[in-house]
Structures are given as structure tokens and as C-alpha cells.
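J.: Return a 3D structure for these sequence lines:
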Amino acid sequence: MAEKNRRLTGSLTLNGISLMLRLGALPFEKIEARRVILDLKWNGVLFADGIPAVDYSCVCDSLGKGLKSQYDYLEDLGGDILDILQNEWPGKWKVMVHKSFPPTDPPMERATVTLGE
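T.: Numbering: from 1, shown residues only. Model (predicted):
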């Protein structure tokens with residue numbers, strides 16, 4: 001089959017996307033930006049008409065331009081990420097947002113919120 005007519009379905013996983021933003025409901029968490037790590041998964045037609053359905057660079061660029069610089073909650077950040085992805089690349093997205101060392105006692109290494117399918 002010629003490549004331009006090839007149609008491949010499956011899943012695409014983008015791991016370890018790194019954002020710098022303020023994240024947290026407590027006042028001291030809003031002082032400095034922190035690194036927030038994302039894992040994304042998309043299911044659908046990966047390749048059709050000789051073109052990949054999702055361009056990794058465009059995903060990162062859209063997130064960098066479309067997100068606010070501060071969020072109180074992981075859930076709000078994850079919801080905005082999911083909205084951006086579904087508007088640009090319709091399909092079944094799963095978004096995992098990781099917050100390293102949230103302020104808890106006893107200490108916790110990370111909190112993760114998963115949204116989407």
C-alpha cells in the first residue's frame with residue numbers, strides 16, 4: 001500500500017512534558033514557578049494520507065501558549081490541558097498531571113491527577 005494511502009490506528013504516548021508554572025492553593029506555593037510534569041496519551045488514527053495526526057512539537061507549543069501561569073489545583077490545570085488538546089486534535093485524550101513533593105505531613109513524593117479516557 002502506498003504511504004500516502006496508509007491509515008494506521010493506535011495510541012500515541014507523550015511522557016515527561018515539562019511545564020514551569022505556579023501550582024498550589026497555599027500562599028507559599030504561589031511564590032515561585034515549579035516544574036510540573038505531564039504524561040499524555042491519545043488514541044485514534046495516528047497516520048492518514050501520509051501525515052501523522054498529532055505533531056509532538058505543536059502539542060508542546062499549544063500547551064505553552066494556551067495555559068495560564070498559575071493554578072491552584074491539579075484538576076484545574078489538567079482540565080485546561082484536556083480542553084486545549086481536544087480542541088486542536090479531537091480524539092480520546094488521557095492527561096496525567098504530576099505535582100512533585102506537595103506540602104503534606106508525612107511527606108509525599110508526588111500527587112497525580114488523571115483526566116480523560
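
J.: Just the C-alpha atoms of the strand of greatest length in the chain, please, in CSV.
T.: In terms of residue count, the longest strand belonging to the chain (DSSP state E) is strand 7-23. Listed in CSV are the C-alpha atoms of strand 7-23, where the atom choice follows Å, rounded to 0.1, in the frame of the first residue of the first chain:
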residue,chain,number,x,y,z
ARG,A,7,-4.1,4.6,7.6
LEU,A,8,-2.8,3.5,11.0
THR,A,9,-4.8,3.5,14.2
GLY,A,10,-3.4,3.0,17.8
SER,A,11,-2.2,5.1,20.6
LEU,A,12,0.4,7.8,21.0
THR,A,13,2.1,8.5,24.4
LEU,A,14,4.0,11.6,25.2
ASN,A,15,5.8,11.2,28.5
GLY,A,16,7.6,13.7,30.7
ILE,A,17,6.5,17.0,29.1
SER,A,18,7.8,19.7,31.5
LEU,A,19,6.0,22.9,32.2
MET,A,20,7.1,25.8,34.5
LEU,A,21,4.2,27.4,36.4
ARG,A,22,2.9,28.2,39.8
LEU,A,23,0.8,25.4,41.2
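
J.: Skip the chain neighbours and tell me the closest residue to residue 17.
T.: residue 38 (4.2 Å; Cβ to Cβ, 6 or more residues apart in numbering). Heads up, the C-betas are built off the backbone N, CA and C, glycines and all.

J.: I'd like to know how far the one you found sits from residue 8.
T.: In this structure, residue 38 lies at 24 Å from residue 8, with Cβ to Cβ, to the nearest Å as the measure.

J.: any idea how far residue 90 is from the residue nearest to residue 17?
T.: Here the criterion is Cβ to Cβ. By it, residue 38 lies 19 Å from residue 90.
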